[in-house]
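>>> Quick one, fold the following:
(one chain, ligands or ions: 1)
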Amino acid sequence: MPARAIDNHQDLPVILHNDQRGLLTIEDGRLDVLQLSKDGRPPKRLLTSSVRNLLRVRLASTPHQKTGHHRLDIHTLLEKGSSLRLSTMHVLVEEANMKEAPLWLETAMRAAYAGVQPFRRVLLLVNPVSGKGKARATVKEQVLPLLEAAGCIVDLKETQHRNHALEIVESMSLDYDVIATASGDGLVYEVINGLAARSDAKKAMRIPIAPIPTGSANALCINLFGVKDTFNIQLACLNLIKGAPLPIDLASVLFLPSNRRQLCFLAVALGLMVDLDIGTEHLRWMGDMRFVLGFIKGIASSKIFKCRLRLKVVEDDKVEMARKAREAARADLRILEVPLAGAKGLDKERDGDEAAKEGPSSEGAVKAEETDAEGDGDGDTESSVEHPEWTDDGPLDWVEPLQPDDTWLVIDSTTTRTASRPHITPKASADGAWRNGDGMLYMYAGLMPWVSRDLNQWPVARPGEGMIDVVIQSIVPRSTLVGAITSAETGGAYWLECQHYYKVSAFVAENLDPRAQPHFTIDGEAFEFSSYHVEVLPRAARVLSLDGRFFVSDFLKKHDQKE
Ligand SMILES: Nc1ncnc2c1ncn2[C@@H]1O[C@H](COP(=O)(O)OP(=O)(O)OP(=O)(O)O)[C@@H](O)[C@H]1O
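Modelled structure (predicted):
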């Protein structure tokens, strides 16, 4: 019985592991392994897998000496409830069907990779002390078998000390398709800053980053996979194997007077949130619970934070910001009803032959076509996925200190209430506008919605929109703050009047009490706080995403204004 192609589906007759006759079919985004009956009964389905979860099909090049059959291996992730499990199935192809087998393999691999390149070359950085200290074991037992099954070429490097990941990427060759971090957000931060320090930074920063969650907070993983799947190692591996590059904004943070610069991908914090980042290090063993505990401890002291902020505000109307973010999320969800539809090939696509030559095995290698992002043929060009002003592959442009003018919003947390009038910009309403004398508990500026699983701090932040979302929490009764904890997970705290929310393209922060508050943090790393200037670098880095977007929260799925 020859293999036959019917529209988008193709079958291949095989002999199953139990010596029964079987059929492999690819149809409607699914791979099925069927056992055929001899007496006309319907076939029995032995395995079914969405092509999204299919990692590789691979045919042995030489036949079995006695039988003449060729062995075919199917590596896939099977869904069990919400978890994924690696499964490998072996079947045999008879000599009579060998002519048709390559076409079936090609169809299967094309369906599985839908526009992204298989057999990626991966630099896998492992932080053995991240989170609960299990990264090494997780990589050995769960990550490597999966990457090997998918035919990835892995270069594993364990970090030996702080900033080691930064040093590695600063001097590595740019041959990798992906930089994966088995760690928390600390290594992602180091990778971004290491790439940014290179003389060819603009090129290097196009290599996408894929996080594998072995840290405590794993904020990047929350934003990519959602709260329920934050620690889903198999899903993170699937993203590493098949995810499409998603441009994300970075923030350039210039320290004065030292003129030193760091890049931030997640958040810049002042006040209570600093204590949370660096005051809970000793609680790392607790995982992400340590942040809730730190918050409760912090609000008990209600320490007023003294600083002056100058914000270049782009948007500050909460209702309008929520409406826009929800509209964009709905559009994302409509586009992405087809799995992997947002996929676009990696920059340095290698052709299939080359990948096959270098891969662990040549069988099954196919040349993936670089498809348009939505498959709609409108030709999403490279320039639309990169920093809009980068036209070369050289170093990052240096930034000068910002020059705030009188259109910038000035917030001084030390001014007293007597002279106070609400700071209302033309777009905002008086509700929730900052009032001098309110007192500041923290300032938290973020580039993606979640900072920990229980804190969706910037629910209207979107990847690549060119803005950083700034929240300023004024001092209010403790009972209100405790209430804020309960709605923090869903993003509901966004609507609290005591959380002033601005989308800005730049801001300046000045320390008005350096002795009492010596530090601020960038992506959880502590720095001395004197004065710093923050500017958004739109779409300056890339992460991998299975559906070309951040995880869509329930907050964004709501229609009502203030729910
Ligand atoms: N071998 C090592 N020994 C000591 N520190 C290391 C080593 N390798 C990396 N580090 C440092 O460990 C710190 C924490 O790393 P990471 O962010 O991966 O884990 P985490 O803090 O548990 O997770 P999260 O950032 O998600 O809360 C980073 O600052 C990194 O520089």
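>>> Read off the pLDDT value for residue 553.
At residue 553, the model reports a pLDDT of 95.
>>> shouldn't it be in contact with residue 448?
No: Residue 553 is beyond contact range of residue 448, at 11.0 Å (criterion: Cβ atoms under 8 Å). For the C-beta atoms, the positions are set from N, CA and C on the backbone; glycine is no exception.
>>> Any stretches of the stretch 151-300 of the chain with poor pLDDT?
For the stretch 151-300 of the chain, applying pLDDT under 70 flags the ranges 276-300.
>>> So which residues of it form strands?
All strands of the stretch 151-300 of the chain, identified by DSSP state E, counting those that start in this stretch, fall at 153-158, 178-183, 209-213, 244-256, 260-264, 267-271.
>>> by how many degrees do the second one and strand 244-256 diverge?
If I follow you right, that is strand 178-183. Counting by axes from the mean of the first three to the mean of the last three Cα atoms, to 10 degrees, strand 178-183 points 70 degrees away from the direction of strand 244-256.
>>> Show me what strand 178-183 is packed against.
Applying 3 or more Cβ pairs under 8 Å, 6 or more residues apart in numbering; DSSP states H and E, we find strand 178-183 packed against strand 121-126, helix 135-138, helix 164-171, helix 185-196, strand 209-213.
>>> Sheet partners, orientation included, of that strand?
According to DSSP bridges, strand 178-183 forms sheet pairs with strand 121-126 (parallel), strand 209-213 (parallel).
>>> quick one, which of these is packed in tightest?
For those, average neighbour numbers computed from mean count of other Cβ atoms under 10 Å are highest in strand 209-213, which has a mean of 28.
>>> so how far is that strand from its chain's centroid?
On the basis of Cα atoms, centre = their mean, to the nearest Å, strand 209-213 sits 7 Å off its chain's mean C-alpha point.
>>> List of residues touching that strand?
Strand 209-213 is contacted from outside by 124, 138-139, 143, 178-185, 188, 191-192, 218, 220-221, 224, 230-233, 236-237, 239-240, 243, 541-544, using Cβ atoms under 8 Å, 6 or more residues apart in numbering.
>>> what residues are up against residue 174?
200, 203, 204, 207, 348.
>>> how much space between it and residue 146?
The gap separating residue 174 from residue 146 is 25 Å, by Cβ to Cβ, to the nearest Å.
>>> Near the ligand, which residues of this structure? Just list them.
Those residues of the chain that sit near the ligand, judged by Cβ under 6 Å from any ligand atom, are 127-131, 159-164, 183-187, 190, 215-218, 284, 524.
>>> what about the helices in the stretch 351-500 of the chain?
352-358, 478-488 (DSSP state H, counting those that start in this stretch).
>>> Of those helices, which shows the lowest average pLDDT?
Mean pLDDT is lowest for helix 352-358 among the helices of the stretch 351-500 of the chain, at a mean of 38.
>>> what's the burial count for the closest residue to the ligand within the stretch 1-150 of the chain?
Going by Cβ to the nearest ligand atom, the ligand is nearest to residue 130 of the stretch 1-150 of the chain, at 3.3 Å. Residue 130 is flanked by 26 other residues according to other Cβ atoms under 10 Å.
>>> for residue 405, same thing?
8.
>>> ok, now which ones touch it?
Residues near residue 405 by Cβ under 8 Å, 6+ apart: none.
>>> What pLDDT is listed against it?
Here the pLDDT value assigned to residue 405 is 94.
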